[in-house]
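> no FASTA, just this:
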């Protein structure tokens, strides 16, 4: 027998074995599925009520299920495994709260005192450029003096000097600088530089100490008019920009030669003074209606501070923009005045012309009485001044090195809202609603009197064509509901 025949016989002999295996598999599969089908049919017939009881099969007997009681630890493990995302969020939030609380408690326990000489005399000087009438200027001056600084408050008039002397603190002294007169301001800065360079004796028969300028703190005015733009006279805008915007800029400009010059003798370590610029941040963050003066001035001061920071950074002179929230000034202003300032004055709209009152009155009253108007959050207590004082000291001693710091109730919240929240949503939350009914155009009745003023001022108007004169006591809305429009001659004529 050949090899091919033997191979063929081997293949034939293996066929029964394979057939038996395949048949066993098919039989097992059929038996399993038939048993399952029979069980399903039996359960279905047993649950059917239309079959008589005598013919209805009994339901199959199920084996008893053993219930294993889980321990508390195992239950917690299973719950954690099912809610991993929720557990992660809770851990992050709780960790952040605990960390912030630890930082806050550590900050409150920190000892903040100015450095003194060996004989106990004061050596560090802080200049506060702010009106002594402001509660913030007074509170910060008293706190800096209590911590061991010599505080110099910039004064522009004799009345300001009298208010500084009224503090009755020997180390809070007036620093008279007339920023509107550059030569006089330069002379005042030179006298102040000579004072810093000459050793000062803290008392009789005590060795004089060398003084060091630590910081210049700029505090612009924090009070602004709230009114529609159309009802604000041009003279009010001019006064606002002069007192709230130009005055702080001129003050910093006057101190720049002193800040960028080494006052210490050569060989001694020179620590550059720090510049702090305060601005209210709530209104300028969201720019709500009827707050054009504050939004405009604060935004301009913020831009000016950024430019100042960029110019002084190469000189290693740090500039910090302190963006303020709301603080409790009850210890420095009467309680009644504080309540009126916090509640606003919706009655201001009664003094507007009829046309302006119809257009803006309802939204102005709603915005003034809303829970988040006027830089406040109704129902929440304002921040303590201690937080501001600690922040200022930490900036001066170098613990805080950021270019911008937000402090006070609402400063961070309104900054986030102003950056990410839609403007329409913010206005709606402040009570601003659409005005559908507008009055018809009315010709002004001032035409005759304006023509008379034009004749009286004809010679003056012809001599100057470079500007349009606008009477300071008028705005774009007259008392009859019409509008004032400046004419080429400089007077007002009706449209």
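Cool, the structure landed. Being a predicted model, the structure only gives us computed values, none of them experimental. Residues are numbered from 1 along each chain as shown.
> Specify the residue ranges that define each domain of this structure.
Domains of the chain are assigned by automatic domain parsing as 17-58, 72-107, 125-429, 447-493.
> can you redo the ones you listed as JSON lines with distance to residue 113 and mean pLDDT?
(C-beta placed from N, C-alpha, C; glycine too.) JSON lines is the format used below for the domains of the chain (distance: least, C-beta to C-beta, whole Å; pLDDT from 0 to 100):
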{"stretch": "domain 17-58", "distance to residue 113": "86", "mean pLDDT": "70"}
{"stretch": "domain 72-107", "distance to residue 113": "15", "mean pLDDT": "86"}
{"stretch": "domain 125-429", "distance to residue 113": "5", "mean pLDDT": "86"}
{"stretch": "domain 447-493", "distance to residue 113": "50", "mean pLDDT": "48"}
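> Nearest to residue 116, out of the ones you listed?
domain 125-429 (6.0 Å; C-beta to C-beta).
> Start and end of that closest one, how far apart?
Using C-alpha to C-alpha, to the nearest Å, one end of domain 125-429 lies 45 Å from the other.
> how distant is that domain from the center of its chain?
15 Å (C-alpha atoms, centre = their mean, to the nearest Å).
> if we can go back for a sec, deepest of the domains of the chain, which one?
Sort these by mean neighbour count, taking mean count of other C-beta atoms under 10 Å, and domain 125-429 sits at the top with a mean of 17.
> could you show me where the helices are in the stretch 101-250 of the chain, in order?
Along the stretch 101-250 of the chain, the segments classed as helices by DSSP state H, counting those that start in this stretch run 135-146, 158-165, 182-197, 234-240, 247-259.
> Output those helices as a markdown table; include the columns distance to residue 359.
Shown next, in a markdown table, are those (distance: least, C-beta to C-beta, whole Å):
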| stretch | distance to residue 359 |
| --- | --- |
| helix 135-146 | 35 |
| helix 158-165 | 40 |
| helix 182-197 | 44 |
| helix 234-240 | 19 |
| helix 247-259 | 33 |
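> Between the ones you listed, which one is closest to residue 28.
Comparing the helices of the stretch 101-250 of the chain by C-beta to C-beta, helix 135-146 comes nearest, at 90.4 Å.
> List the contacts of that closest one.
126, 128, 130-132, 151, 153, 167, 169, 171-172, 217, 219, 222, 278, 327, 329, 331-333, 385, 388-389, 392-393 (C-beta atoms under 8 Å, 6 or more residues apart in numbering).
> what inclination does it have with respect to helix 158-165?
Helix 135-146 runs at 40 degrees relative to helix 158-165, counting by axes from the mean of the first three to the mean of the last three C-alpha atoms, to 10 degrees.
> Let me see the ranges of the strands in the stretch 351-495 of the chain.
404-407, 485-486, 492-493 (DSSP state E, counting those that start in this stretch).
> what's the answer for the stretch 1-150 of the chain, then?
124-130, 150-155.
> Adjacent strands (with direction) for the first one?
What it means is strand 124-130. Note on strand 124-130: by DSSP bridges, its sheet partners are strand 150-155 (parallel), strand 212-219 (parallel).
> who's in contact with that strand?
114-115, 136-137, 140-141, 144, 148-154, 175, 196, 211-220, 248, 251-252, 255, 278, 396.
> Helix 247-259 and that strand, what's the angle between them?
Angle between the axes of strand 124-130 and helix 247-259 is 160 degrees (criterion: the same axes, to 10 degrees).
> gap between strand 124-130 and the chain center?
On C-alpha atoms, centre = their mean, the centre of strand 124-130 falls 25 Å from that of its chain.
> Same question for stretch 72-83.
42 Å.
> Can you tell me what sits against it?
For stretch 72-83, the external contacting residues (C-beta under 8 Å, 6+ apart) are 70, 87.
> can you rerun that using 6 Å?
residue 87 (C-beta atoms under 6 Å, 6 or more residues apart in numbering).
> Same check on stretch 179-188?
177-178, 250-251, 254.
> repeat that with 7 Å
156, 176-178, 247, 250-251, 254 (C-beta atoms under 7 Å, 6 or more residues apart in numbering).
> same deal with stretch 96-107?
Counting by C-beta under 7 Å, 6+ apart, residue 390 sit against stretch 96-107.
> again, 8 Å this time
Contacts for stretch 96-107 (C-beta under 8 Å, 6+ apart): 390, 394.
> From the chain's centroid, how far away is that stretch?
Relative to its chain's centre, stretch 96-107 lies at 20 Å (C-alpha atoms, centre = their mean).
> just stretch 114-121 next, same as before
With C-alpha atoms, centre = their mean, you get 37 Å for stretch 114-121.
> Look at it and report the distance between its end residues.
Stretch 114-121: ends 11 Å apart by C-alpha to C-alpha.
> list the buried ones in it?
Of the residues in stretch 114-121, 114, 121 count as buried by neighbour count, 16 or more other C-beta atoms under 10 Å.
> pLDDT averaged over that stretch - what is it?
Stretch 114-121 shows a mean pLDDT of 85.
> Pretty sure residue 264 sits against residue 270.
Yes - counting by C-beta atoms under 8 Å, residue 264 does reach residue 270; the two are 4.9 Å apart.
> quick one: residue 202 and residue 123 touch, right?
No - the criterion here is C-beta under 8 Å, and residue 202 misses it with residue 123 at 9.1 Å.
> Give me the common contacts of the two.
Contacts common to residue 202 and residue 123, judged by C-beta under 8 Å, 6+ apart, are 117, 209.
> before we move on, the earlier item: redo the strands paired with strand 124-130 as CSV? Include distance to residue 243.
Shown next, in CSV, are the strands paired with strand 124-130 (distance: least, C-beta to C-beta, whole Å):
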stretch, distance to residue 243
strand 150-155, 14
strand 212-219, 13
